[in-house]
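[1] Sequence first, predicted coordinates after that:
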Amino acid sequence: MNATVTETKLLTGVIDPAHSRVQFKVKHLMISNVLGSFKEFEGKATMVENDLASTVVSFSINAASIDTEAPDRDAHLKSADFFDVENFPKIEFEGKGFTQKDEENYELKGNLTMKGISKPVTLAVEFGGFMTDPWGNKKAGFSVTGEINRKDWGMGWNAALEAGGVLVGEKIKLNCDVEFGIS
């Protein structure tokens with residue numbers, strides 16, 4: 001009996017920060033959105049070649065790198081009312097495997113840790129594909145979106161509005177575009 005053995009290749013990817021963005025938005029005064037981003041982050045992924053379901057992702061954000069283009073607001077977000085960057089300098093995500101929804105769209109489940117609190121989250125992922133750049137480097141692109149409730153991670157600060165409602169929304173919409181260098 002002659003059996004064919006196929007070799008599986010393990011791929012490792014590291015986020016290319018020059019071609020990646022980590023952004024969010026939250027309601028302000030219940031009528032508009034405040035946009036922000038994190039400027040410092042890193043991440044890696046491992047997967048069996050041609051099998052996104054096998055992908056394991058780890059991602060870390062420097063919480064103090066938050067930028068909403070308003071220094072006073074950024075200082076408040078770094079305080080104990082929100083991220084408490086002095087005691088919890090990192091935001092971390094550990095994801096295990098993608099579930100395919102259609103040709104380009106996947107679901108990624110994992111644990112998000114902020115302020116020492118770890119909670120499961122589900123993120124929507126659009127896989128852009130693999131490409132080799134002009135210098136021969138293999139790349140993979142992903143767009144990641146999701147929504148979390150900041151109160152689940154102990155960020156409950158708010159101010160009531162005289163007309164009703166609150167100053168800062170509880171739901172945070174995440175929007176990340178990441179490019180991995182693959183080896």
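    Structure received. Numbers count the residues shown, from 1 in each chain.

[2] which sections of the chain are below the confidence cut-off?
    1-7 (pLDDT under 70).

[3] so which strand or helix has Glu86?
    Counting by DSSP states H and E, no helix or strand carries Glu86.

[4] now do the one 10 residues further on
    According to DSSP H and E, Lys96 maps onto strand 90-100.

[5] Run me through the strand neighbours of that strand, direction for each.
    Here strand 90-100 is paired, per DSSP bridges, with strand 51-62 (antiparallel), strand 105-114 (antiparallel).

[6] For whichever helix or strand comes after the longest one, enumerate the helices and strands it packs against.
    Put plainly, it is strand 51-62. As assigned by DSSP H and E, the chain's next helix or strand after strand 51-62 is strand 66-67. Where contact means 3 or more Cβ pairs under 8 Å, 6 or more residues apart in numbering; DSSP states H and E, strand 66-67 is packed against strand 32-38, helix 71-78. Glycine gets a C-beta too; all of them are placed from N, C-alpha and C.

[7] burial count for the residue nearest to Ile91 when sequence neighbours are not counted?
    In space, and not counting its chain neighbours, Ile91 is closest to Ile61: 4.2 Å by Cβ to Cβ, 6 or more residues apart in numbering. The number of residues packed near Ile61 is 22, by other Cβ atoms under 10 Å.
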